[in-house]
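**Student:** here is a sequence together with a model predicted from it:
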Amino acid sequence: MQGNLPPEAQEKIEELQGLQETAQTVATQKQEAESSLTEAQSALEELENVDEDTQMYRQVGELFVATEYDEAQDELDDKVDSLEIRLETLEKQEDRVQQQFEELQGELEELLGGGGAMGGPGAGGPGAGGA
């Protein structure tokens, strides 16, 4: 069917496919950042239950290296902060991709004469799932 489409419509479909791939990549990165953030926050909570004089170690590659309580806490605080910023950035990127997808989908529908709805991230609008 795509062979019968005007070149402009074909181009928009390819752009939509590219945006879908981008959306999947961003979603994967967001999931990884959320997981790392949860892990770092849990480590910080556990650190509160540890006596400051306890000998502590942090993993550096394949090795465990002795570290001070304050240093471990500072590193975890920094990690949590940077992961929160990363997550916020990924959420904004996810929103941008979704908006671009919806705009492009609307342009494609106009090109094709306002015909049927295309599936994609967040597809469905007025009249979707009708009763």
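**Tutor:** Everything's here; your move. Numbering: from 1, shown residues only.

**Student:** what pLDDT does the closest residue to residue 34 other than its chain neighbours get?
**Tutor:** Spatially, and ignoring its direct neighbours in sequence, residue 34 is nearest to residue 87 (6.4 Å; Cβ to Cβ, 6 or more residues apart in numbering). Where you see a C-beta, it was placed from the backbone N, CA and C, and this is true even at glycine. Residue 87 carries a pLDDT score of 98 in this model.

**Student:** residue 87 - how many residues pack around it?
**Tutor:** Residues lying near residue 87 (other Cβ atoms under 10 Å) number 17.

**Student:** and the strands in this structure?
**Tutor:** If DSSP state E is used as the criterion, the strands of the chain fall at 56-60, 63-67.

**Student:** so which elements touch the first one?
**Tutor:** Right, strand 56-60. Where contact means 3 or more Cβ pairs under 8 Å, 6 or more residues apart in numbering; DSSP states H and E, strand 56-60 is packed against strand 63-67, helix 69-111.

**Student:** give the buried residues for the worst-scoring helix or strand of the chain on mean pLDDT.
**Tutor:** None of the helices or strands of the chain scores lower by mean pLDDT, DSSP states H and E than strand 56-60, at a mean of 91. For strand 56-60, burial by neighbour count (16 or more other Cβ atoms under 10 Å) applies to residue 56.

**Student:** partners of it, with directions?
**Tutor:** Strands that pair with strand 56-60, judged by DSSP bridges, come out as strand 63-67 (antiparallel).

**Student:** tell me the residue in this structure that is farthest from the middle.
**Tutor:** residue 53 (38.9 Å; Cα atoms, centre = their mean).
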